[in-house]
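Chemist: From the sequence below, what's the structure:
(one chain, ligands or ions: 1)
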Amino acid sequence: MTRPVLSVRGLHRSYKSGAGLLKVLAGADVDIFPGEMVGLIGPSGSGKSTMLHAAGLLEKPNDGEVFINGRECLALPDDERTAIRRDRIGMVYQFHHLQKEFTAEENVMIPQMVAGKGAREAKSEARRLLGEMGLAERLTHRPSQMSGGEQQRVAIARALANKPQVLLADEPTGNLDPATSATVFDQLYRLTRQEGVAALVATHNMELASYMDRLLTVREGLIVSYVPTLPSY
Ligand SMILES: Nc1ncnc2c1ncn2[C@@H]1O[C@H](COP(=O)(O)OP(=O)(O)OP(=O)(O)O)[C@@H](O)[C@H]1O
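Modeler: So this is what the prediction gives:
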């Protein structure tokens with residue numbers, strides 16, 4: 001049987017809320033297998049971002065384990081966890097978070113060079129990925145010189161630049177109009193498939209969700225398989 005590339009086990013996360021405690025995740029499990037695209041859906045505030053942040057090793061949960069390629073990462077020393085996050089995990093957010101003083105090409109080169117790649121190799125990979133995202137004519141544009149959809153496509157190329165095994169995307173098209181959202185999602189879908197990257201994508205967009213291989217949702221702090229029923233949420 002294929003081993004999951006990302007495995008989350010028994011994740012607990014609560015936040016202080018006034019005098020009490022808001023339990024968001026209460027023992028949540030997720031398995032993502034190589035090459036698949038899994039949707040994470042559910043109402044606002046249900047815990048999708050909380051799950052993605054913990055799975056992406058950005059935030060320590062109160063309890064639980066996160067395995068990347070079979071290796072538990074939350075208990076690792078900070079520097080090892082950072083290296084795994086850099087080399088194995090790509091993140092895309094609703095807002096692109098590109099560095100505004102750098103060009104599209106440089107934005108995609110930076111994470112590669114931080115990971116130790118030389119400038120020439122990083123540039124060639126940046127050009128390849130930006131070309132795949134339909135941005136061959138935008139290499140030297142800065143974020144302010146690009147449309148929202150173009151900026152988000154650069155952010156996707158950047159997230160894939162270090163050949164991660166898993167891409168975690170938090171409403172990657174949530175800030176775009178419906179037509180641009182569909183195009184950007186299409187490119188995200190095609191490129192993750194082509195590069196063999198597994199993806200967990202939080203979205204409110206049920207049309208995009210219908211293209212995913214599987215859907216998960218958060219219910220009472222647990223992650224469960226989601227089978228759409230009428231009326232949908
Ligand atoms: N740092 C924090 N401190 C306190 N409460 C928080 C914090 N982060 C998240 N929460 C709360 O945890 C709950 C889950 O938030 P989360 O962002 O994971 O939901 P979500 O499903 O991603 O929502 P959305 O679809 O609106 O992005 C919310 O009620 C939120 O207010």
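
Chemist: Where do the strands of this structure begin and end?
Modeler: Assigned strands in the chain, in chain order: 6-17, 20-32, 37-41, 63-68, 71-72, 89-92, 166-170, 198-202, 214-219, 222-225 (criterion: DSSP state E).

Chemist: got the buried residues for the longest helix along the chain?
Modeler: Counting by DSSP state H, the longest helix found in the chain is helix 178-195. Residues of helix 178-195 classed as buried under the neighbour-count rule (16 or more other C-beta atoms under 10 Å) are 180-181, 184-185, 187-189, 191-192. Yep, even glycine has a C-beta here, placed from its N, CA and C like the rest.

Chemist: Include pLDDT and distance to the ligand when you put the residues you listed into TSV, please.
Modeler: Shown next, in TSV, are these (pLDDT from 0 to 100; distance: C-beta to the nearest ligand atom, whole Å):
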residue	pLDDT	distance to the ligand
180	92	20
181	93	15
184	92	18
185	94	17
187	92	23
188	94	18
189	94	20
191	92	24
192	93	21
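
Chemist: Between these, which sits nearest residue 31?
Modeler: Using C-beta to C-beta, residue 192 comes nearest to residue 31 of the buried residues of helix 178-195, at 17.3 Å.

Chemist: Which residue comes closest to the closest one once chain neighbours are left out?
Modeler: Leaving aside its sequence neighbours, residue 192 sits nearest to residue 199 (C-beta to C-beta, 6 or more residues apart in numbering; 4.8 Å).

Chemist: For residue 142, the count of nearby residues, please.
Modeler: Per other C-beta atoms under 10 Å, the neighbour tally for residue 142 reads 17.
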